[in-house]
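S.K.: generate a structure from the sequence data that follows.
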Amino acid sequence: MLNELYDAAASLEDSNIKTPIWHDDYGTVPVGKPTFFVFIDTNGHISRVEPATDSEGIAGLRKWETGNGYSFPYFNIPPLWWMDFDPKKQDKPFKQALDKGKLTSDQLNQFIQEKTVTARLWEEKHLERIGDCLGKIACQLKSILGDPPDEYRSIAELIRRAGQSSATGFYEKLQAAFREAMLTAPSSATSYFKGAFHYGDNEPKNNISILLELADMSIFPYPVKHLDVGAWINDRLLHPLSQPDAFGNDLAGSEGRLPNVNVSVLGPVKLRAMNHEARCQYRYGEINEGSFPVGRASRDTIKGALEWLTAPEREGKTWATVSRASASNDPKKKNQEILLAYPSELPPDPPDTAMFFGGSAGVDTDNTGRFENCAQNVTGALRGLMAKNPNLDIRVFLLRKMDTARTRVSSHKRCSAQHLIQAAEKWQVGSRNLPLALVKQFTKDKKTAWGEPQTPFPMETVWALNTLWVRGGEKNGREKQPTWSPSRTKSLSTADGLALLLEDGTFHRPVLDRILYAATRNLMGLVLALGQAHAQGQVFATQKNYARQALIMPSVLGLLLYKLNITKEHYMKSAPYLVGRLLSLADQLHHHYCQHVRDGSVPPQLMGNALMATALEEPVKALALYCNRILPYQAWARTVSGDAVSLAHYFLSELGKVSSELGDVSSEAPSKAIPERCTDADKAQMLIGYLARPEKSDSSNS
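M.R.: Now for the predicted structure:
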């Protein structure tokens with residue numbers, strides 16, 4: 001058949017006979033079904049309904065149909081009411097009067113009232129499909145047609161008016177229009193009856209054709225049903241305009257949903273979700289692709305970029321998991337979050353930019369200097385790229401999986417490569433803004449060792465500050481020491497971690513204040529737990545995946561003070577810091593006393609540890625309590641003899657030095673005196689003081 005028809009086409013072409021070509025999705029309206037014109041006014045309301053006949057040119061009308069039953073400006077619906085009706089017995093008189101056109105207004109009104117009360121209405125599936133026809137399909141057609149010439153502007157106006165009605169609203173208005181049309185002319189009710197009512201045991205089909213038209217079509221050059229309007233729509237479907245999309249690329253292929261991308265950790269990610277059934281999405285008069293058209297070329301580019309950035313082999317380079325930082329590590333994949341980071345000019349093998357920001361969920365507590373090594377590698381690579389492009393910048397954004405359907409950008413930053421290099425240097429300097437502070441932990445071979453605090457990654461900082469350490473009962477055993485356990489909170493967002501690294505100046509201060517409050521509130525328990533353990537020469541044992549917080553916590557406190565322009569050269573001479581040192585030494589003296597006087601029986605809290613909670617709020621009150629409680633241990637240290645004398649005299653000497661320094665600070669100026677109430681900055685200094693050790697470390701007692 002193909003050969004024969006090709007020959008016939010050649011003959012037609014030789015005879016200069018043009019055959020019309022219609023777009024595959026632009027089909028004719030079916031003939032032989034009950035068909036009605038539905039006229040829409042300027043407010044999107046149905047003004048009237050009229051039955052249509054073949055003589056009015058129904059056979060020449062066409063609709064754009066993207067799927068079975070999904071079309072515009074014409075579509076099919078089921079009858080409006082599915083009623084109980086017996087035309088052969090109970091309702092025979094009514095049916096005879098209807099067929100003969102002899103119904104009275106009273107008869108028809110009574111029938112409608114009785115039958116519609118018990119009739120079954122459209123199911124949800126019908127409402128959803130009609131809603132798509134009025135909204136989604138109409139918007140897709142508009143994006144293809146673009147701005148029509150003046151003579152064809154009726155189709156654009158119809159699309160606008162149709163979008164003002166929800167499916168439920170359209171259904172209710174259509175019922176009212178049919179009811180009014182029948183009651184106005186009862187003798188003509190038979191022409192509306194099949195469109196309005198269905199009866200019998202079989203479910204009604206979508207066999208009623210609805211033809212949308214403008215109620216005021218006379219003011220337009222051509223109504224929507226005009227054949228010239230249909231021909232113009234067909235031409236646009238066959239030859240779409242080469243208009244640019246939102247990114248300036250070809251608009252072709254902008255209709256329909258954007259593709260999904262399967263992202264590691266997050267799972268399926270929708271590139272954009274705009275539900276036309278959410279009425280708030282119409283606030284700007286557009287919906288779906290009409291509000292932000294993205295052509296096929298742009299879609300393919302965007303999809304490819306996300307797939308490339310999140311490829312498993314580039315974990316740590318261009319992406320990293322940061323879910324634990326935001327306290328959203330949900331096993332059901334909800335609120336999972338990843339960080340994407342890359343330089344504006346990507347080399348074939350990108351540097352570990354994402355690792356620089358996010359760190360790694362799998363932490364090795366013995367891997368000293370991890371951030372320093374990562375920062376050195378990343379900044380070195382960036383300097384190499386900057387040699388070719390001095391204007392190189394770094395793009396960072398966070399993707400959070402809100403639920404199965406929604407993924408959103410929770411934060412995004414852009415800075416110059418030079419700014420990132422400087423920020424990395426300041427971050428490391430700030431993390432070393434500490435006196436001598438050591439943390440005792442278990443090594444890989446299950447021995448114990450004192451280690452220096454480590455520099456945290458930005459997202460590790462958020463993770464640590466989103467962990468609230470609370471007292472969780474007592475251990476079983478002779479000493480019955482209190483236990484501390486971590487509890488996840490949402491004090492900070494991952495965006496706060498980016499701001500802490502990258503931002504400076506006035507706009508940075510509110511974020512910094514919020515972070516400092518979270519640090520002093522949430523980390524206090526960890527500091528007390530470490531202080532109690534260290535005074536006894538023990539390791540504070542916690543869950544393995546939280547062990548690293550003990551190593552980065554002092555650095556976090558030092559970094560926050562550095563961001564406030566409070567350096568260790570100054571705060572080590574401050575009253576809050578010295579109060580923390582005093583209480584730490586009191587713990588060590590108290591523990592030494594217990595070893596020799598109480599046969600090694602240590603109370604649940606050492607003296608200084610018990611006073612820290614009070615000191616962090618009211619230092620003066622805590623010092624008053626200290627002066628009373630230290631007396632028995634001080635008296636013992638002065639009179640002890642034997643093996644305990646050396647350390648006892650050492651602790652007395654250190655307590656004397658710190659007390660003297662505290663007195664000197666308080667006498668220098670009122671601004672440096674011991675505060676009545678501690679600020680968050682004061683609390684951070686006191687916590688560091690409580691963990692600090694003298695240069696000749698008193699850890700020798702372990």
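
S.K.: what pLDDT does Lys696 get?
M.R.: For Lys696, the pLDDT comes out at 56.

S.K.: my error: substitute Trp636 in the last question.
M.R.: In this prediction Trp636 is given a pLDDT of 89.

S.K.: the domain parsing of the protein - what is it?
M.R.: Listed by automatic domain parsing, the domain ranges of the chain are 26-238, 566-702.

S.K.: can you list the residues that contact stretch 127-147?
M.R.: The contact list for stretch 127-147 (CB atoms under 8 Å, 6 or more residues apart in numbering) reads 64, 66, 69-73, 75, 77, 155-156, 159, 162-163, 165-168, 170-171, 233, 236-237, 240-241, 243, 251, 254-256, 276-277, 286-290, 293. C-beta: built from backbone N, CA, C; applies to glycine.

S.K.: I figured Tyr562 hits Gln428, correct?
M.R.: No: in this structure Tyr562 lies outside contact range of Gln428 using CB atoms under 8 Å: 10.3 Å.

S.K.: between the two, who's got more neighbours?
M.R.: Set Tyr562 next to Gln428 and count neighbours by other CB atoms under 10 Å: Tyr562 wins out with 20 against 17.

S.K.: among the contacts of stretch 127-147, name the ones in strands.
M.R.: In this view, the contacts of stretch 127-147 that belong to strands under DSSP state E are Trp64, Thr66, Tyr70, Ser71, Phe72, Phe75, Ile77.

S.K.: closest one of the residues you listed to Leu309?
M.R.: Thr66 (31.9 Å; CB to CB).

S.K.: distance of the closest one from Thr184?
M.R.: As judged by CB to CB, to the nearest Å, Thr66 and Thr184 stand 36 Å apart.

S.K.: re the thing from before, list only buried entries from the contacts of stretch 127-147.
M.R.: The neighbour-count test (16 or more other CB atoms under 10 Å) marks 64, 66, 70-73, 75, 77, 155-156, 159, 162-163, 165-167, 170-171, 233, 236-237, 240, 251, 254-255, 276, 286-290, 293 as buried among the contacts of stretch 127-147.

S.K.: run through who's touching the helix or strand hosting Tyr690.
M.R.: Counting by DSSP states H and E, the element that carries Tyr690 is helix 680-691. Applying CB under 8 Å, 6+ apart, the external contacts of helix 680-691 come out as 434-435, 437, 513, 516-517, 519-520, 523-524, 527, 530-531, 534, 554, 557-558, 560-561, 564, 566, 571-572, 574, 576-581, 583-584, 608, 612, 615-616, 619, 675, 678.

S.K.: one more time with 7 Å, if that's ok
M.R.: Here helix 680-691 makes contact (CB atoms under 7 Å, 6 or more residues apart in numbering) with 434, 437, 516-517, 519-520, 524, 527, 530-531, 554, 557-558, 560-561, 564, 566, 571, 574, 576-581, 583-584, 612, 615-616, 675, 678.

S.K.: before we move on, what about stretch 218-229?
M.R.: Residues contacting stretch 218-229 (CB under 7 Å, 6+ apart): 60-61, 73, 150-155, 158, 211, 213-214, 217.

S.K.: and which of the residues you listed is nearest Val117?
M.R.: Of all the contacts of stretch 218-229, Val117 sits closest to Leu211, with 29.5 Å by CB to CB.

S.K.: sheet partners, orientation included, of the helix or strand encompassing the closest one?
M.R.: Under the criterion of DSSP H and E, Leu211 resides in strand 208-214. Strand 208-214 has the following strand partners under DSSP bridges: strand 35-40 (parallel), strand 74-77 (antiparallel).
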